[in-house]
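Enquirer: sequence first, then the predicted structure:
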Amino acid sequence: MKDQKNLKKDFPIFSSKAAKKDGKELVYLDSASTTQKPQIVIDSISEYYKTSNANIHRGIYTLSEKATAQYEEARQKTQNFLNAHSANEIIFTRNTTEAINLLAYTFGEKYINEGDEVIVSELEHHSNLIPWQEVVKRKKAILKVIPIKFDYTLDMDAYHALLSPKTKLVAITAMSNVLGTKTPLKEIIESAHKKNAVVLVDGAQSATHQKTDVKALDCDFFTMSSHKMLGPTGVGVLYGKEEILKELPPFMFGGDMIKSVSQYNSVYADIPAKFEAGTPNVAGVIGFGIALDYLQKVGFKTIEQNDKALFSYAVKKLSAHKEVTLLTPPADKNGPVISFTVKGIHPHDIADILSQDNVCIRAGHHCAQPLMEKLGIPATARISFHIYNTPEDIDKMDKTLQKAIKIFE
Ligand SMILES: Cc1ncc(COP(=O)(O)O)c(C=O)c1O
């Protein structure tokens, strides 16, 4: 774990005096919500504003060309990161939520009609549920839901039974933000394609913890958020297969997404510009490119090793308390997310007591209320890790948790 200690040093928040509470060091166990940022990402944003700030794609002058080149370089980095066929398949959005809404409006409007079916799962974050609820309402289509089994994995038999010639789209998370469950994407995608349905993979949780290869997966769409990938907030990605994106109508209208405009009619730009109306988050996208460089430099092998080691260690520590119930799928189907409940203590109280010792965890329904309903609980406490976490963080969390259990006994 020596390497991890060194990596923690890359993230200035952990040595910041301001992040200490009553002299206690920050223990951050909420990376599934958003990750901390390495110094190089923070520097890249300030460097951009200091040396290259100009609007992109428009200016003929050198500064604008420089900003445009950096922005487009980030698009190429994203293409390489996902192993996409072309940089045109990368659309920058504000976040995963906007990427999914973009798709729901454009694909939903064009291809989903009365009586058609859209499949989601019980694991979905509200961001990959509500946009589809709205599409099916608008289009008089039908929403079908893949249930989970008692081991918190997807019921794949049920999935196969739900697929039909009317299935137009399957929208599925790659990794649950509540239970950590990884879904069998290959099988889901192959089966959907046999029915001529397209597949959107919500990679908001997975893209920052495991290698993504959209070519090998053969998914039609993939979404992710920079802020969960050590990058800045305000940047998301929609990957889409070029041949499908080309046929979709624009999502938002205005500057930058046009070829030509006359008083009563306009001709729209080709992808990706067609989907990027208005001035984008230039500094954020450039910072995101640097975050991708950093993630790849650390490497997914190291990230996964650390995730697995921390996961086992945290499970061991938490299981030692008879009051704790873990909601985790089998270890080989699990990302670095652990939801748990403690008998007699509301998850909000757990988070509150931990916060007194400067330990940050998430408590609540995690934007997955239908999943909570299925589990029969209003909320869970959730810890989640990234590359800057160490076993000492788990120890500190566990020490305060023991205190909380004693207080409520
Ligand atoms: C699985 C999943 N999908 C989608 C989202 C939405 O991401 P964002 O808030 O960046 O749009 C989240 C955020 O937690 C998530 O965990």
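Expert: Received, thanks.

Enquirer: contacts for the helix or strand containing K186, please.
Expert: Assigned by DSSP states H and E, K186 belongs to helix 185-194. Helix 185-194 has contacts (CB atoms under 8 Å, 6 or more residues apart in numbering) with 119, 156, 159-160, 163, 167, 170, 172, 174, 198-199, 201, 217-219. Just so you know, the C-beta spots here come from the backbone N, C-alpha and C atoms, and that holds for glycine as well.

Enquirer: out of those, which comes closest to the ligand?
Expert: Of all those, A174 has the smallest distance to the ligand: 8.0 Å, by CB to the nearest ligand atom.

Enquirer: wait, the closest one touches T181, no?
Expert: No: at 9.8 Å, A174 does not count as touching T181 under the criterion of CB atoms under 8 Å.

Enquirer: can you give me the helices in this protein?
Expert: 2-8, 39-51, 62-82, 96-111, 130-139, 156-162, 185-194, 214-217, 242-245, 282-298, 300-319, 347-356, 369-375, 391-408 (DSSP state H).

Enquirer: distance to I148 and mean pLDDT added to those helices, as a markdown table?
Expert: Shown next, in a markdown table, are these (distance: least, CB to CB, whole Å; pLDDT from 0 to 100):
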| stretch | distance to I148 | mean pLDDT |
| --- | --- | --- |
| helix 2-8 | 32 | 70 |
| helix 39-51 | 35 | 98 |
| helix 62-82 | 27 | 97 |
| helix 96-111 | 20 | 98 |
| helix 130-139 | 18 | 98 |
| helix 156-162 | 9 | 98 |
| helix 185-194 | 14 | 98 |
| helix 214-217 | 21 | 98 |
| helix 242-245 | 29 | 98 |
| helix 282-298 | 29 | 98 |
| helix 300-319 | 19 | 97 |
| helix 347-356 | 20 | 96 |
| helix 369-375 | 7 | 96 |
| helix 391-408 | 26 | 95 |
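
Enquirer: quick one: closest of those to the ligand.
Expert: For the ligand, the closest of these is helix 96-111, at 3.3 Å, according to CB to the nearest ligand atom.

Enquirer: now for the closest one, which elements pack on it?
Expert: Applying 3 or more CB pairs under 8 Å, 6 or more residues apart in numbering; DSSP states H and E, we find helix 96-111 packed against strand 90-93, helix 130-139, strand 167-173, strand 198-202, strand 221-225, strand 236-240.

Enquirer: hang on, the earlier thing: out of the helices of the chain, nearest to S225?
Expert: helix 96-111 (4.5 Å; CB to CB).

Enquirer: in stretch 113-132, what's buried?
Expert: Within stretch 113-132, the residues that qualify as buried are 116-132, counting by 16 or more other CB atoms under 10 Å.

Enquirer: next: stretch 72-91.
Expert: Those would be 72, 74-75, 77-79, 81-82, 84, 87-91, for stretch 72-91 by 16+ other CB under 10 Å.

Enquirer: hang on, the earlier thing: now the contacts of helix 185-194: which count as buried?
Expert: Buried residues within those, counting neighbours by 16+ other CB under 10 Å: 119, 159, 163, 167, 170, 172, 174, 198-199, 201, 217, 219.

Enquirer: follow-up on the earlier one: which one of the contacts of helix 185-194 is nearest to L401?
Expert: The closest of those to L401 turns out to be A174 (CB to CB; 29.3 Å).

Enquirer: how about the nearest residue to the closest one once chain neighbours are set aside, what does it touch?
Expert: Leaving aside its sequence neighbours, A174 sits nearest to S206 (CB to CB, 6 or more residues apart in numbering; 3.6 Å). S206 makes contacts with 173-175, 182, 212, 335, as judged by CB under 8 Å, 6+ apart.

Enquirer: what does this protein have sitting close to the ligand?
Expert: Counting by CB under 6 Å from any ligand atom, the chain comes close to the ligand at 95-97, 125, 127-128, 173, 177, 202, 204-205, 225.

Enquirer: need the residues you listed in CSV (columns: distance to T62).
Expert: Formatted as CSV, those follow (distance: CB to CB, whole Å):
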residue, distance to T62
N95, 32
T96, 35
T97, 36
H125, 43
S127, 39
N128, 42
T173, 44
N177, 43
D202, 40
A204, 37
Q205, 40
S225, 32
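
Enquirer: and those residues, which two are furthest apart?
Expert: Among those, N95 and T173 lie farthest apart (CB to CB), at 15.0 Å.

Enquirer: these two: who's more crowded?
Expert: More crowded of N95 and T173, by other CB atoms under 10 Å: T173, with 29 against 21.

Enquirer: ok, now which ones touch the more buried one?
Expert: 121, 123-125, 128, 183, 201-202, 204-206.
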